[in-house]
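Enquirer: I'll drop the sequence and a predicted model, then ask my questions.
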Amino acid sequence: MILVKKFTKFWLLGFLMATLLEKAATTYKRLIVTRSESFNYHNSYTPDKAHDRDHNTWYSVKDGEVAGNFLKLYLSETYSIGLVIMVSRGMSSAKMVERMVNTEVRVYSTEGEETELASCGTITGLNPGDINTIEGRTYSLNCDGAIGDMLYLTDLDYTENVGHNIAEVEIYGTGFVLD
């Protein structure tokens, strides 16, 4: 009976994630990140790996240098941002997935100076799914249509020795015309 409950729970989680992604794909379009930057990164795990549409590559913060780190993702123009989906680096270890907890995502405008416009929220806990699947390493935050042209991701665990290992960040939204 316990096995059936666990299977049902994970099936339901997978179904809900698929439904959410399908809704995002039909309501919003995936926005293109034109460039990215971070405070630091580890070896060849550069910021551009976080938006290259390949779950087998990743952006990684340099161990021991988490404090003050950020990942900025610049969009081609101003958009109404609806949903941000983040996928952790895949491994058979929960250690990489745990690094996503306490990640905060904010929407900025880069017209003139960089100005924070809205918070999409913070990942507050682990995804209960199987970490060996993309669905089990996926997190989403609702930006509620915040209007901006840059996303700012930061790790709020400044005291930790290790930081993000992000395989992919997908940003969904709609065009926005400034008056």
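Expert: That came through, no problem.

Enquirer: next, the contact list for the residue nearest to E111 when sequence neighbours are not counted, please.
Expert: Nearest residue to E111, sequence neighbours excluded (C-beta to C-beta, 6 or more residues apart in numbering): D149, at 7.7 Å. Every C-beta, even on glycine, is put in place using the N, C-alpha and C of the backbone. With contacts taken as C-beta atoms under 8 Å, 6 or more residues apart in numbering, D149 has the following neighbours: Y74, L75, S76, E77, T78, Y79, Y108, S109, T110, E111.

Enquirer: which ChimeraX command selects the buried ones in these?
Expert: Here is the ChimeraX command that picks out the buried ones among those, judged by 16 or more other C-beta atoms under 10 Å:
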select :75,78,79,108,109
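
Enquirer: and the contacts of D149 as a markdown table, adding pLDDT, secondary structure and distance to V101?
Expert: Converted to a markdown table, those look like this (pLDDT from 0 to 100; DSSP: H, G, I helix; E, B strand; the rest coil; distance: C-beta to C-beta, whole Å):
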| residue | pLDDT | secondary structure | distance to V101 |
| --- | --- | --- | --- |
| Y74 | 98 | strand | 25 |
| L75 | 97 | strand | 26 |
| S76 | 93 | strand | 30 |
| E77 | 94 | strand | 32 |
| T78 | 95 | strand | 30 |
| Y79 | 96 | strand | 27 |
| Y108 | 97 | strand | 23 |
| S109 | 96 | strand | 28 |
| T110 | 96 | coil | 28 |
| E111 | 92 | coil | 32 |
